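Asker: Could you work out the structure for the sequence below:
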Amino acid sequence: MAWLGEHRASVVEEFIKNGGSVISTQRAFRIRFELGRRDSVPDAKTIRLWVSNFRQTGSALKRKPTGRPRTAITPENVARVRTSIQQSPKRSAVKHAAALGLSERSVRRILHKELHLHPYKIMVAQKLSEEDFKTRRAACDDILQNIPPDAVFISSDEAHFHWCGTVNKQNFRYWAAENPRELHQQPLHSPKVTFWCAVVEFGMWGPYFFEEDGQTVTINADRYCHMIETFLRPKINQFVLDHEEEEVWFQQDRATAHTARRSMEMLRELFPGRLVSSRGDISWTPRSPDLSPCDFFLWGYLKAEVYKHRPRTLQELKDVIRQEVAAIPREVTRRTMDNFRERLRECLNNGGHHLSDIIFKIK
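Answerer: Below is the predicted model of the structure:
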């Protein structure tokens with residue numbers, strides 16, 4: 001209730017007159033302002049606050065702060081936060097705040113505005129050898145030289161999505177003035193679904209779930225061939241009918257199921273002279289998630305969107321995956337494939353090493 005000045009004055013007067021009795025003050029308040037038994041009166045805490053303010057300031061109103069407002073962003077606290085970050089750069093801002101006795105908001109303001117630091121995500125990648133540098137350069141050069149920019153490029157892969165969650169890279173931060181590009185890898189062992197998807201400039205193809213009798217199964221050559229025959233072939237046939245003039249290329253990684261003899265025969269039939277794979281028309285390089293659209297874009301994007309729904313069963317997980325794959329805008333897949341060619345050029349320029357800096361982002 002909004003108490004007026006006369007209410008406050010009456011409370012202070014009655015409290016002092018009745019020797020500090022809250023009950024007597026409230027009773028007198030009801031009588032003076034003609035209030036019923038169910039009408040609100042100031043509670044004990046409010047009464048004591050008004051009296052305390054009156055004794056200190058001569059007014060029952062809320063005391064106004066004097067002097068400059070207090071702030072936690074002092075040279076001393078900035079120095080403390082800097083030292084804490086230097087000692088434990090992987091610790092979260094929440095834990096730094098608790099250790100320093102500061103609020104999380106103050107610590108984040110110091111990190112951003114005073115120390116000019118940024119929270120970099122841990123990048124998951126594989127170690128490359130000298131031979132890998134050569135094969136990466138060769139693959140990038142072959143694709144750029146032999147596949148026209150206006151050709152249709154289908155980049156495919158499979159992924160496991162776990163019911164109980166996934167690697168939550170959002171929780172990993174490394175505070176520094178520059179991106180340390182630290183690598184981190186963590187396995188998962190929980191109920192999952194396994195599915196195939198393809199990123200194409202004009203949209204998404206998939207998902208195709210690998211399962212039998214409703215149970216997720218391991219991908220082998222027979223199951224991969226079944227996917228090609230029942231899912232990929234109808235897609236390609238329909239696309240060719242609608243776009244006879246288009247040149248279509250297909251890319252896959254070096255998984256055993258992909259490169260089995262029967263799998264390769266079926267893919268060469270579907271994409272004669274236009275297969276990017278191990279032992280394909282253009283050889284795809286191993287250990288290169290930074291070059292594959294499914295790895296550098298799709299799986300991270302899709303996992304972030306899927307787990308917002310907090311699926312409670314494997315069936316819910318599958319339904320959400322279908323929903324989120326279908327919701328990916330065509331403009332996003334177009335920019336992804338443009339970024340793919342940029343990455344190929346960057347890989348050539350840096351000698352086949354892992355990509356760095358802004359190349360990890362889709363412009």
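Asker: Dump the longest strand anywhere in the chain to CSV, keeping only the CA atoms.
Answerer: Ranked by number of residues, the top strand in the chain under DSSP state E is strand 152-162. Only the C-alpha atoms of strand 152-162 are listed here, as CSV (Å, rounded to 0.1, in the frame of the first residue of the first chain):
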residue,chain,number,x,y,z
VAL,A,152,25.2,-28.1,-57.1
PHE,A,153,27.4,-29.4,-54.3
ILE,A,154,25.8,-31.9,-51.9
SER,A,155,27.7,-32.3,-48.7
SER,A,156,26.6,-35.3,-46.6
ASP,A,157,27.4,-36.9,-43.2
GLU,A,158,25.9,-38.7,-40.3
ALA,A,159,25.7,-37.7,-36.6
HIS,A,160,24.7,-39.2,-33.2
PHE,A,161,22.3,-37.1,-31.2
HIS,A,162,22.1,-38.3,-27.6
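Asker: So which bits of that strand are buried?
Answerer: Residues of strand 152-162 classed as buried: 152-159, 161-162 (neighbour count, 16 or more other C-beta atoms under 10 Å). For every residue, glycine as well, the C-beta is placed using N, CA and C.
Asker: could I get those residues as CSV with distance to Leu314?
Answerer: Converted to CSV, these look like this (distance: C-beta to C-beta, whole Å):
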residue, distance to Leu314
Val152, 33
Phe153, 32
Ile154, 28
Ser155, 26
Ser156, 23
Asp157, 21
Glu158, 16
Ala159, 15
Phe161, 9
His162, 10
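Asker: Of these, just say which sits nearest to Lys235.
Answerer: Lys235 has its nearest neighbour among these in Ile154, at 9.1 Å by C-beta to C-beta.
Asker: What residues does the closest one make contact with?
Answerer: Ile154 is in contact with 198-200, 205, 248-251, counting by C-beta atoms under 8 Å, 6 or more residues apart in numbering.
Asker: how does it look with 6 Å?
Answerer: 198, 200, 250 (C-beta atoms under 6 Å, 6 or more residues apart in numbering).
Asker: go on, Phe250?
Answerer: 154, 271, 275.
Asker: The first one bridge partners, please.
Answerer: Listed by DSSP bridges, the beta-bridge partners for Ile154 are Phe250.
Asker: The last one now?
Answerer: When assigned by DSSP bridges, Leu275 has beta-bridge partners Phe250.
Asker: Show me the longest helix that occurs in this structure.
Answerer: Ordering each helix of the chain by length in residues (DSSP state H) puts helix 330-349 first.
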